[in-house]
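Sequence and computational prediction follow.
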Amino acid sequence: MQENIKNTIKIIQPKPYEEVGASFVVEGWVPKSWLDTGYSIDNRVFLDFIDINGQTFICSDADVYKGWMSRFRNRLRFYAEVQFNQFNADFIMNSQGRITIKLSGHKDGCQLFISIIDSFQESNATL
């Protein structure tokens, strides 16, 4: 069964394999079903940053914006500013800048992986 196009995920930024720096934005649209915890609605999605060895080195979340029109929409906008620092540099350098963002909701099967290339590792090779 194909899901309705209005219920699909749309990533605005970063695009797959986009080169990012130490600071960047993760932004897009997710289905409302991703926010359902089974007991209530949580206004966030989760962001895990994974290195080339499958090791998660940052766990974070992104706020989901709800306005008065959100009850009429099937998708909601999320937004998060990401800032890497010297504590992340080893993971990024060992991955040669190749990392994956795991975007996930609250239930099994609500996830999407976005591969990016981080140029932050080049500028911090001396750390």
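Good, I have the coordinates.

Which stretches in the protein count as helices?
89-94, 120-123 (DSSP state H).

Select from the ones you listed the stretch with the lowest mean pLDDT.
Here the lowest mean pLDDT among the helices of the chain goes to helix 120-123, at a mean of 55.

Would you state the strands of the protein in chain order?
Ranges of strands in the chain, per DSSP state E, are 10-13, 19-20, 23-31, 44-50, 56-65, 75-83, 98-104, 111-118.

what pLDDT, on average, does the fifth one get?
It stands for strand 56-65. 95.

show me what contacts residue 32?
41, 73-76 (C-beta atoms under 8 Å, 6 or more residues apart in numbering). For every residue, glycine as well, the C-beta is placed using N, CA and C.

repeat for residue 83
Residue 83 makes contact with 22-23, according to C-beta under 8 Å, 6+ apart.

per-residue confidence for it?
We have a pLDDT of 94 for residue 83.

who does it bridge with?
Per DSSP bridges, the residues bridged to residue 83 are residue 23.

among the helices and strands of this structure, which has the poorest mean pLDDT?
Least confident helix or strand, the chain: helix 120-123 with a mean of 55, by mean pLDDT, DSSP states H and E.

Reformat the contacts of residue 32 as a markdown table; add neighbour count, distance to residue 107 and pLDDT.
Converted to a markdown table, the contacts of residue 32 look like this (neighbours: other C-beta atoms under 10 Å; distance: C-beta to C-beta, whole Å; pLDDT from 0 to 100):
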| residue | neighbour count | distance to residue 107 | pLDDT |
| --- | --- | --- | --- |
| 41 | 13 | 12 | 86 |
| 73 | 14 | 19 | 83 |
| 74 | 14 | 16 | 86 |
| 75 | 20 | 16 | 90 |
| 76 | 20 | 16 | 91 |
